[in-house]
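Q: Quick check, what structure comes out for this input:
(3 chains)
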Amino acid sequence: MSSNYRNFRNNVPWLILFLEAVFIVLFYFLFSDDSASRPIISDPAFQDVSHMLIFGFGFFLMSLKRYGFSSTGFNLLIVVLGVQCSILIENLLIFLLKVANEDSLERITKSTVDMTAVVISTGAVLGKTNPVQLILMTVVEMIVFRMSRWINNTFLKITDNISMMHVLLFGAYFGLAVSSRFSEPSPRSEKNASTPKSDLLSMLGTLFLWVFWPRFNYVLAVDKGKAIYNTYFALAVSAVTAFVLSVLTTKDGKFRMTHIRSAVLAGGVTVGYAAHSIEYPWIAMILGLLASVITVLGSYCLQTCLNPTLKIHDTSGVHFTFGLPGVLGGLAQVVLLVIKNWTDLPRLGYLVMIHVGAFCQTISVALLTGFIVGLILNCKLLKTIPVSKYFEDQFYWEFPHLAVGF
Amino acid sequence: MSSNYRNFRNNVPWLILFLEAVFIVLFYFLFSDDSASRPIISDPAFQDVSHMLIFGFGFFLMSLKRYGFSSTGFNLLIVVLGVQCSILIENLLIFLLKVANEDSLERITKSTVDMTAVVISTGAVLGKTNPVQLILMTVVEMIVFRMSRWINNTFLKITDNISMMHVLLFGAYFGLAVSSRFSEPSPRSEKNASTPKSDLLSMLGTLFLWVFWPRFNYVLAVDKGKAIYNTYFALAVSAVTAFVLSVLTTKDGKFRMTHIRSAVLAGGVTVGYAAHSIEYPWIAMILGLLASVITVLGSYCLQTCLNPTLKIHDTSGVHFTFGLPGVLGGLAQVVLLVIKNWTDLPRLGYLVMIHVGAFCQTISVALLTGFIVGLILNCKLLKTIPVSKYFEDQFYWEFPHLAVGF
Amino acid sequence: MSSNYRNFRNNVPWLILFLEAVFIVLFYFLFSDDSASRPIISDPAFQDVSHMLIFGFGFFLMSLKRYGFSSTGFNLLIVVLGVQCSILIENLLIFLLKVANEDSLERITKSTVDMTAVVISTGAVLGKTNPVQLILMTVVEMIVFRMSRWINNTFLKITDNISMMHVLLFGAYFGLAVSSRFSEPSPRSEKNASTPKSDLLSMLGTLFLWVFWPRFNYVLAVDKGKAIYNTYFALAVSAVTAFVLSVLTTKDGKFRMTHIRSAVLAGGVTVGYAAHSIEYPWIAMILGLLASVITVLGSYCLQTCLNPTLKIHDTSGVHFTFGLPGVLGGLAQVVLLVIKNWTDLPRLGYLVMIHVGAFCQTISVALLTGFIVGLILNCKLLKTIPVSKYFEDQFYWEFPHLAVGF
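A: Numbers count the residues shown, from 1 in each chain, chains lettered A, B, ... in the order given. The predicted model follows:
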């Protein structure tokens, strides 16, 4: 029990309580609800997105064998803090900039979608951060992502729905930049591994996310029907391709669980940008196929070449699970725009410019601020976990039971 | 294999079959459905509540390491019996008292909500009762709770929606009173413990309940939109507070899974009474914070002081998970009423009187009948489990497989 | 590593890729969507059915102790392939026969329901087939089932909704016929068994299916409200009966998990045919009771008498879980028709004839084609798994982790 750890014990709760108190006070001043008069129809979208984030991602991230409590527990903690933070920022913007007021439920739903960025970033540093670092990261990332969206909305005149589609991309690259500042775990560490049981629970989360992903793109889309079925087809093809590529790229032609877990979702990520505008499902299917290819190849290239060179350790592989398919999705969106509008060149130029601009702006803000946040999180004051304690539930949780059979 | 146990084997199935036959006959005479003409819109509320009760609570209660089959299995058994029983009572009331007839689906939904009381009571005696005792308890509790609600509706003129909010409170105190009549397990019994695996499955159930809780309050509420977002905020703050308090109250400043499990739901329980009428989310947030505080402190006080004194053994901690936050919710409702109506004193007095009356009536009926039921369940005829067989799946279930690795 | 296995490794991915390419090309030519103009209301039916199939059945089939990865993984693979295949057949029919065009989302939902047949068939051969065999089976079964439905629709003038209710029956008998051509596993093989952990995960899937089953019958039904509550009551009674019969039929009067798993769903399967037309819930309840009886007795008779005689090895017991209750449901439907229409004899004769005809046509097509598919799947070219490798994840999946503690 080092003295650093004692500091951690003494500071965490007060920090969080202080934060929560600030949130409540700000809610007192900022939260206005003009929706009282409107009838609320029972739209389960809010609940579904919340379900995805808390239940789906909580279990999706549970592949580390000794980190199950922290994966689900800390995920819940940062989601609830992040959603409150995001709603406050939204209300602040409404208050300061007179942005149009929305339904409260709508606002919570959007905040939950925004929060996906943080959950994905967490995947990259999973097991290497303590709760204080996670909470700081959550608050900063929510603010930065909202700013990035605001820039896209205001200067590039992109609608809110489209600017929110950058959420997965932002989360992946922010997380990657943060994780580049953390020391790598010892390559021989056996804690940084999965067991069949943890893989199975992670598969549970993956299947859950797979089933709910059309709903995720549905929330963001304008033409909701198209968004659902295009996403479904893209996911279907990328699931098929994931199995194919896993066999082709592993020794002995066996399936590898990490390939399946990452690549089955790739289609949904890629098609997110264009799901509402793709006219024929075969386009979504080809995107799903490409997304799965880029994910499996990416997982091979990144893990053997890029990550060791850049000294990045990406615990859950968010770069190839959400980052690369997101980039592909951005490219696909531009290509589809070009095909659709090539007769009207001036308008095409404008459309391509704002989409590419928003895309570059999002990634560069994510990388830059992620890098800075990574530096801050690794200052002496906050850094309390020795590398030998990475990926270890027992560092944070009481284990009254013997650890046998876990 | 004692002769008592043989009696159990011989009687259980016939008792249950008889009960089921009675139910079918009563359904033949009583069930009337006037809703045939009304169009049914696809309202998922019924399914969501059913999902919470069978899946969510089934896994929520799965923290005992050797009681997973019984936790989920018996939970399903009593839920389906209880819902049938509750629908029959409802129909009997419609038949006898000419209560207004409702849509069939609506009636099943309400019966499922009523059934939550029994599921919570089960939590208090989990692992100490055999199925016969559970079934008797279910039937009696459903009847008593419906009577208690009917008294509230008829004499205190409380609407059905509000009187149903007492369901969690009733369940907790009924269960507690029942469990006070059961002998305590040996404190050194290692079966009355969890493993990381059972804790993880229990966390699965908890996250599930957390996500669906706004829907639970939604079903009961009049202003459904407000109910959802107030419940969400209360749950969010109580989740945050749960982590904070867990660190503050445990040695070494680690998180304790039982704290998290109980306290993350506390906000939803507390805010249930007033979710539809709270005007600003910050009030719901403060209630969530207080609920979490009372749960964690309660878990400490009850387990070290009150329970040993009163010789109560509350397996799943329903007293501090549902009981205390429920009491807090009742208080909060009255305080909010006072604040809202203090200009109109006569009306205020009346409102406070009926709410406090309903509250006291519910708790005292729960405690009294729970105590009586506990006495009945422990008569020689029904009591077949020796204390040494508490918390043991193998007493009820075939284990063809070796128990290794469970 | 046999040379057969190398063939498998070399062929599988290209076969699947080729299939997927064909699908995409056919989608290019066939998929037409006239629903663009219609507003899509957020109907969660599509997602719920998909959830049942991928998550629910994925875990329901997870009772084999060393086959968890394959159960969930291959299930996802064949579901996505099968749904695409089914949509293509549908579009081909629209194109060739000018069948009325439906909403795209509606079409995906129906294809997913159709796919249930394949998932159930898979249960019968679980652990004995490699992915290539599964994929071939999927494609052939989808085509045959769609043909069988088309015959029912065209020649027997049965509406689409009713002909789809044969899906469970078709799946069960097709799977049974296929599995009759596979060699039986060694009776002493310890891999063909469950552990408490795999039973618990399978129970998770079962509870999930139980909760969602009303939704399944809802999708198919015309009078949706009735379908939901009749299914619920049938499921409730069959859950109760399952517990009763399990105690009565096992030694020592204990519950057996396989009984519970099979019999709790029986009511939902049986009532499927008539859920929308049953007027009083007590009829549904009696059907649920009979369904549960036939399932538990069937599981005893089939496993001790019929299966050894016919040399059928039905891994997940689909015969008594879905087959027998389905037959009962078909009978019940006819009996209910007779009772309802006995005053109008000519019409009665016609109705009975088409229902019995559709029923017999479905079962005989399922048995016949299943048998042929079983023969094809066991030709030298495709048969790559030695009996000793049945029920073994490690034959298909990489296990970087030691298998200890699985």
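Q: Tell me where the stretch 201-350 of chain A is predicted with low confidence.
A: For the stretch 201-350 of chain A, no stretch is flagged by pLDDT under 70.
Q: if you skip the residues just before and after it, what's nearest to whichever residue of it sits closest to chain B?
A: Per C-beta to the nearest C-beta, residue A:201 is where the stretch 201-350 of chain A lies closest to chain B, at 7.3 Å. Any C-beta I mention is one placed from the backbone N, CA and C, and that applies to glycine too. Among residues not flanking residue A:201 along the chain, residue A:62 sits closest, at 4.9 Å (C-beta to C-beta, 6 or more residues apart in numbering or on different chains).
Q: Which of the three states applies to that neighbour?
A: Classification of residue A:62 using DSSP: H, G, I helix; E, B strand; the rest coil returns coil.
Q: just checking, it touches residue A:202?
A: Yes. Applying C-beta atoms under 8 Å, one finds residue A:62 in contact with residue A:202, separated by 5.0 Å.
Q: Comparing these two, which shows the higher neighbour count?
A: Shown here are residue A:62 and residue A:202; by other C-beta atoms under 10 Å in any protein chain shown, residue A:62 has more neighbours (29 against 23).
Q: Quick check: what element follows the helix or strand where the residue of the stretch 201-350 of chain A closest to chain B lies along the chain?
A: For residue A:201, the element it lies in under DSSP states H and E is helix A:196-220. The first helix or strand that comes after helix A:196-220 along the chain, using DSSP H and E, is helix A:224-249.
Q: how much does that following helix deviate in direction from helix A:196-220?
A: Taking axes from the mean of the first three to the mean of the last three C-alpha atoms, to 10 degrees, one finds that helix A:224-249 is oriented at 150 degrees with respect to helix A:196-220.
Q: Quickly check: helix A:224-249 near chain C or not.
A: Yes. Looking at helix A:224-249 against chain C by C-beta under 8 Å from any C-beta of the partner chain, the contacts come from A:224-226, A:228-229, A:232-233, A:235-237, A:239-241, A:243-245, A:247-248.
Q: How about residue A:313, nearest residue that isn't a chain neighbour?
A: Nearest one to residue A:313, counting by C-beta to C-beta, 6+ apart, is residue A:184 at 4.6 Å.
Q: Just list the residues touching the one you found, thanks.
A: Going by C-beta atoms under 8 Å, 6 or more residues apart in numbering or on different chains, residue A:184 touches A:311, A:313, A:387.
Q: of all those residues, which comes closest to chain C?
A: For the contacts of residue A:184, the residue nearest chain C by C-beta to the nearest C-beta is residue A:313; the value is 17.2 Å.
Q: and the closest one, that's in a strand?
A: No. Using three-state DSSP, the assignment for residue A:313 is coil, not a strand.
Q: picking up where we left off before, does the residue of the stretch 201-350 of chain A closest to chain B really touch residue B:197, like I thought?
A: No. Counting by C-beta under 8 Å, residue A:201 does not reach residue B:197; the two are 9.8 Å apart.
Q: Looking at the two, which one has more neighbours?
A: residue A:201 (25 against 21).
Q: Contacts only, for the more buried one.
A: A:59, A:62, A:68, B:200.
Q: What is the neighbour count of residue A:306?
A: The number of residues near residue A:306, taken as other C-beta under 10 Å, comes to 13.
Q: do the one 4 residues further on as well
A: By the measure other C-beta under 10 Å, the count of residues near residue A:310 is 11.
Q: got it, and residue A:17?
A: 16.
Q: Tell me the spatial nearest neighbour of the residue nearest the centre of chain A, not counting adjacent residues.
A: Ranked by distance to the mean C-alpha position of chain A (C-alpha atoms, centre = their mean), the top residue is residue A:120 at 2.8 Å. Nearest residue to residue A:120 in three dimensions, chain neighbours excluded: residue A:171, at 3.3 Å (C-beta to C-beta, 6+ apart).
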